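The sequence isn't on hand, but the structure is:
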């Protein structure tokens, strides 16, 4: 899987997941995914985004 394909899959999950995210939060997460330069940064975005709706 290419980096571009992985980013598209991650953005699909952000859009279609069962998480309680506002539209603006989803857009910011997708922007961070697009701006990630390597796998480490993608993982940091993923873990950080998990905390957004943890207490809702």
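It's in. These figures come from a predicted structure and were not determined experimentally.

Relative to residue 40, how far out is residue 19?
23 Å (C-beta to C-beta, to the nearest Å). C-betas here are computed from N, CA, C, even on glycine.

Out of these two, name the residue with the larger neighbour count.
Neighbour totals were compared for residue 19 and residue 40, and residue 19 leads with 16 against 9 (other C-beta atoms under 10 Å).

in terms of contact, does the more buried one touch residue 53 like I think?
Yes - with contact defined as C-beta atoms under 8 Å, residue 19 reaches residue 53; the gap is 5.1 Å.

Which residue would you name as the spatial centre of the chain?
residue 29 (4.6 Å; C-alpha atoms, centre = their mean).

So that residue, which state does it fall into?
Recorded secondary structure, residue 29: helix (DSSP: H, G, I helix; E, B strand; the rest coil).

and the closest residue in space to it that isn't next to it in sequence, what element?
Using C-beta to C-beta, 6 or more residues apart in numbering and skipping residues adjacent in sequence, the residue nearest residue 29 is residue 49, 4.8 Å away. Using DSSP states H and E, residue 49 sits within helix 39-50.
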